[in-house]
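In: Okay, predicted coordinates and the sequence, questions at the end:
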Amino acid sequence: MLVGADQLCQRDVDPREALDPLAMLERVARGAAEDARLDPGKLESLDRVVVPGILGGHYGNGARLLAERLGAAAAEPVYLDVGGNGPQKEINRAARDVAAGRARWVLLAGAEALDTRQ
């Protein structure tokens, strides 16, 4: 079940003023919560944060860093390799876990900033 969604494009932004990929992830996570009409504090209750490999930045575990920025340090961080079908597997896993009551809130977010990093 999709509860909220958001998107950020920085096509015409001066690279010196563009958000870095982690800041982009944080902004769209908060935007998705707003789209779902969730209290911003609900982000602190995330059970899992899933982030596919970030293109345009090197962060180690981007899912853990995003969870910390959202105040959800207790969330399970899942940082995927770039490419493949990992994101779809995680969407399926999230749906199963929510339906079974094993998770209440799961965030799946991705970002790439190749154009603005050149």
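Out: Perfect, I can see it now.
In: how about the strands in this structure?
Out: Using DSSP state E, the strands of the chain run over residues 48-51, 76-79, 106-108.
In: Those: which one's closest to residue 41?
Out: Set against residue 41 and scored by Cβ to Cβ, those come closest in strand 106-108, at 14.2 Å. (Each C-beta comes from the backbone N, C-alpha and C, glycine too.)
In: now the farthest one out in this protein, which residue is it?
Out: residue 14 (23.6 Å; Cα atoms, centre = their mean).
In: returning to that earlier point: single out the most deeply packed of the strands of the chain.
Out: Each of these was scored by mean neighbour count; the highest is strand 48-51, a mean of 26, by mean count of other Cβ atoms under 10 Å.
In: Off-centre distance for it?
Out: Relative to its chain's centre, strand 48-51 lies at 6 Å (Cα atoms, centre = their mean, to the nearest Å).
In: go on, stretch 89-101?
Out: That offset, for stretch 89-101, works out to 16 Å (Cα atoms, centre = their mean).
In: Put the alpha carbons of it into PDB.
Out: Taking C-alpha atoms only, stretch 89-101 is exported to PDB below (Å, rounded to 0.1, in the frame of the first residue of the first chain):
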ATOM      1  CA  LYS A  89      11.900  -7.100  -3.400                       C
ATOM      2  CA  GLU A  90      11.900  -4.500  -0.600                       C
ATOM      3  CA  ILE A  91       8.500  -3.100  -1.700                       C
ATOM      4  CA  ASN A  92       7.100  -6.700  -1.600                       C
ATOM      5  CA  ARG A  93       8.700  -7.300   1.800                       C
ATOM      6  CA  ALA A  94       7.300  -4.100   3.200                       C
ATOM      7  CA  ALA A  95       3.800  -4.900   1.900                       C
ATOM      8  CA  ARG A  96       4.000  -8.400   3.500                       C
ATOM      9  CA  ASP A  97       5.400  -7.100   6.800                       C
ATOM     10  CA  VAL A  98       2.700  -4.400   7.100                       C
ATOM     11  CA  ALA A  99      -0.100  -6.800   6.200                       C
ATOM     12  CA  ALA A 100       1.200  -9.300   8.700                       C
ATOM     13  CA  GLY A 101       1.600  -6.700  11.500                       C
END
